[in-house]
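Participant: Next one to model:
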Amino acid sequence: HVQLVESGGGLVQPGGSLRLPCAASDYTSGTNSMAWFRQAPGRGRELVGCVDEHSATYYADSVKGRFTLSRDYNGNLMYLQMNNLKPEDTARYYCAADPSLRPCRQIEFTYWGQGTQVTVS
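Facilitator: Sure thing, here's the model as predicted:
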């Protein structure tokens, strides 16, 4: 069982930046693929981006060019660097992981963190 803990959320002005770390309890096959999702009040959960074990990444069109996913395999960490933030990026951001080796955008992720709130205002 993989435990995930997100941090780094907060209040930021439009155009600002935030970096969200996600710490995994262990680097095992359970974290072959990892992802960031977000959910705004009254809206469904949205895949922001994901990365597989070979560091291949996928980004939603809404964040492409502004957000960057990266992994630190030694430290069991994944990061979401968010630049040029917009009010529509306001949401709770969740880290997810899965043992699947499928293209990460096709995965139903198994493990989830509790989320961290990002507010752009």
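
Participant: what is Asp72 paired to in the beta sheet?
Facilitator: Following DSSP bridges, Asp72 is listed with bridge partners Leu77.

Participant: and if you look at Phe67?
Facilitator: Applying DSSP bridges to Phe67 yields these beta-bridge partners: Met82.

Participant: quick one, what contacts it?
Facilitator: By C-beta atoms under 8 Å, 6 or more residues apart in numbering, the contact set of Phe67 is 48-49, 59, 80-83. C-betas here are computed from N, CA, C, even on glycine.

Participant: Tell me the buried residues within these.
Facilitator: Buried members of the contacts of Phe67, counted by 16 or more other C-beta atoms under 10 Å: 48-49, 59, 80, 82.

Participant: Where does pLDDT dip in the protein?
Facilitator: Applying pLDDT under 70 to the chain flags residues 27.

Participant: What strand or helix carries the residue nearest to the spatial centre of it?
Facilitator: The chain has Trp36 as the residue nearest its centroid, 2.1 Å off, counting by C-alpha atoms, centre = their mean. Here Trp36, judged by DSSP states H and E, is contained in strand 33-39.

Participant: and which of the contacts of Phe67 is nearest to Gly10?
Facilitator: Met82 (11.1 Å; C-beta to C-beta).
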